[in-house]
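1. Only the shape, not the letters, is given here:
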Ligand SMILES: Nc1ncnc2c1ncn2[C@@H]1O[C@H](COP(=O)(O)OP(=O)(O)O)[C@@H](O)[C@H]1O
Ligand SMILES: [Mg+2]
């Protein structure tokens, strides 16, 4: 079954067309990345799913239901925004209790699970970004949602907080929660998503398994422990450096075995860089 | 409990957690100073009673309007300007229901609190009568019109400062300008046009009516009734326009 389905969703703000016919599906059980550069239309699309922005035309279904017609679907879908969108003078406890009053759920358990005990009396405006996202996720889980839609949830987080968030997402996904997570940086999501939808300039340009998005290049990207030695092993072939990576046009298995034989350890080998995939599907590559 | 009722509890709580009512209710109770003032002077004086009901003079009425102003602009409005409303609208509740919930919490509850306190007070003071009850009706109509103006400016202007200034300027202009106009018409005995502007400030007519009830043969009372009706209709219209605007607003 599909958890999210959008068909030809269009939305203009005045004369500016932000969504030019967005269509994609999110499969139940997946963690799907929703990736595109700033201004591509990610937030607008997510607001359409949340019923906050009414599309000019097109069809939106969350768990098979239209969020504009059937508001009860919100009992099964949670939204996580970049910022915690709640009156900032409310305390963490008030926020959690309000959510539980509407959606049910065990506030005590959530406090324990997310380690919030010492923060309960803090006002929402006083929370660090990492803590705010932890609180937001704790609140989002009170209703035991089937689907969580998150708009750049890690945008303001430092690496430890980001890791913590992704670990929690993976764990929840193992328990069966479907995720759609937007980001303007693909590499940030690669560890957590299994599928990806690319959006660029209000249109979806790719939809499918992450591996398929990457497995398109003719070049392979190698990260090795000894660049000089690797270059001499691969000399005579089409090879260049791209940041820390070596970019080679050869058969991957052959390149790895000849490098390992020469005592060069290959740390990462991939057919295409995340950047390449991002560029290709977001029209930034020209 | 239905989803809508659960959401309503949360919406209500956001507006009336302490110390809001703890401040407003005592102010309303203590604010009826004008009424005993004329009672003490002895005898029953409709003129004094009417005077005591004019907002700005009557602290209770001013408190009710102030509470509504705060609720609409600094709670509901702020939630819309800052995007916090998205948390409420991703609860299982339609936009129309949410709007009605906000409206009931923002303006209907202050009005009913005021009416309840006032009715009890007037009853205890032994002056709950047609005069005082009609003053409550006149105030309620003006209140609904005024809060309608505040709602519309809040949703249209999307800035707390601009909403406060615009709605207060607009309402004062209508109230003071209309009052001066009515005064002129009554003084010049030009009562034909009075019903047209009676909605802007019913109090001037109410005062004239109680001062000289026999002189105008009911023309003032008719203008007063029409004014109340127009206030109610305009108020309802403002609320409907605001709701239609809110329903298709991108948030
Ligand atoms: N309320 C709005 N009014 C006018 N333009 C908007 C509005 N919301 C978004 N846009 C425009 O729509 C485009 C897509 O925005 P957005 O969905 O926020 O992109 P993203 O989240 O991918 O960065 C941008 O060009 C943005 O300026
Ligand atoms: Mg965005």
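-> Yep, it's here. Predicted, not measured: the structure shown is a model, and the values here were computed from it. Ligands and ions are numbered 1, 2, ... in the order given.

2. make it CA atoms for all contacts and neighbour counts henceforth
-> Will do.

3. For ligand 1, what's its nearest residue on chain B.
-> At 6.3 Å from ligand 1, residue B:250 is the closest residue in chain B, using Cα to the nearest ligand atom.

4. Strands of the stretch 151-286 of chain A, start to end?
-> A:178-183, A:195-200, A:203-209, A:220-224, A:239-242, A:245-248, A:266-270 (DSSP state E, counting those that start in this stretch).

5. Using a markdown table, please lay out those together with distance to residue A:53 and mean neighbour count.
-> Shown next, in a markdown table, are those (distance: least, Cα to Cα, whole Å; neighbours: other Cα atoms under 10 Å in any protein chain shown):
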| stretch | distance to residue A:53 | mean neighbour count |
| --- | --- | --- |
| strand A:178-183 | 17 | 26 |
| strand A:195-200 | 18 | 25 |
| strand A:203-209 | 17 | 20 |
| strand A:220-224 | 41 | 22 |
| strand A:239-242 | 41 | 13 |
| strand A:245-248 | 42 | 20 |
| strand A:266-270 | 39 | 15 |
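
6. mind putting those in a markdown table, distance to residue B:32 and mean pLDDT included?
-> Below are the strands of the stretch 151-286 of chain A laid out as a markdown table (distance: least, Cα to Cα, whole Å; pLDDT from 0 to 100):
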| stretch | distance to residue B:32 | mean pLDDT |
| --- | --- | --- |
| strand A:178-183 | 58 | 97 |
| strand A:195-200 | 63 | 95 |
| strand A:203-209 | 64 | 94 |
| strand A:220-224 | 81 | 88 |
| strand A:239-242 | 80 | 85 |
| strand A:245-248 | 80 | 87 |
| strand A:266-270 | 80 | 87 |
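
7. between these, which gets nearest to chain B?
-> Nearest of the strands of the stretch 151-286 of chain A to chain B, taken as Cα to the nearest Cα: strand A:178-183 at 16.3 Å.

8. Can you spell out which helices and strands pack onto that closest one?
-> strand A:31-35, strand A:147-150 (3 or more Cα pairs under 8 Å, 6 or more residues apart in numbering or on different chains; DSSP states H and E).

9. Show me the contact partners of that strand.
-> Residues outside strand A:178-183 that contact it (Cα atoms under 8 Å, 6 or more residues apart in numbering or on different chains): A:3, A:26-36, A:42, A:146-153, A:155, A:169, A:173, A:189.

10. Can you give me the domain boundaries for chain A?
-> For chain A, automatic domain parsing gives the domain ranges A:2-213, A:220-282.

11. winner for burial among the ones you listed?
-> Of all the domains of chain A, domain A:2-213 has the most neighbours on average by mean count of other Cα atoms under 10 Å in any protein chain shown, namely a mean of 19.

12. So which of the domains of chain A is nearest residue B:13?
-> The closest of those to residue B:13 is domain A:2-213. By Cα to Cα, the value is 9.0 Å.

13. now do the same end-to-end measure for that closest one.
-> 20 Å (Cα to Cα, to the nearest Å).

14. what does stretch A:242-251 give?
-> End-to-end for stretch A:242-251, by Cα to Cα: 18 Å.

15. just to revisit the earlier point, could you export the strands of the stretch 151-286 of chain A as TSV, including distance to ligand 1?
-> What follows is these, written out as TSV (distance: least, Cα to the nearest ligand atom, whole Å):
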stretch	distance to ligand 1
strand A:178-183	8
strand A:195-200	8
strand A:203-209	11
strand A:220-224	28
strand A:239-242	27
strand A:245-248	29
strand A:266-270	27
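
16. Could I get those in TSV, plus columns for distance to residue B:103?
-> Shown next, in TSV, are those (distance: least, Cα to Cα, whole Å):
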stretch	distance to residue B:103
strand A:178-183	35
strand A:195-200	39
strand A:203-209	39
strand A:220-224	60
strand A:239-242	60
strand A:245-248	60
strand A:266-270	58
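
17. Which of those sits closest to residue B:87?
-> strand A:178-183 (18.1 Å).
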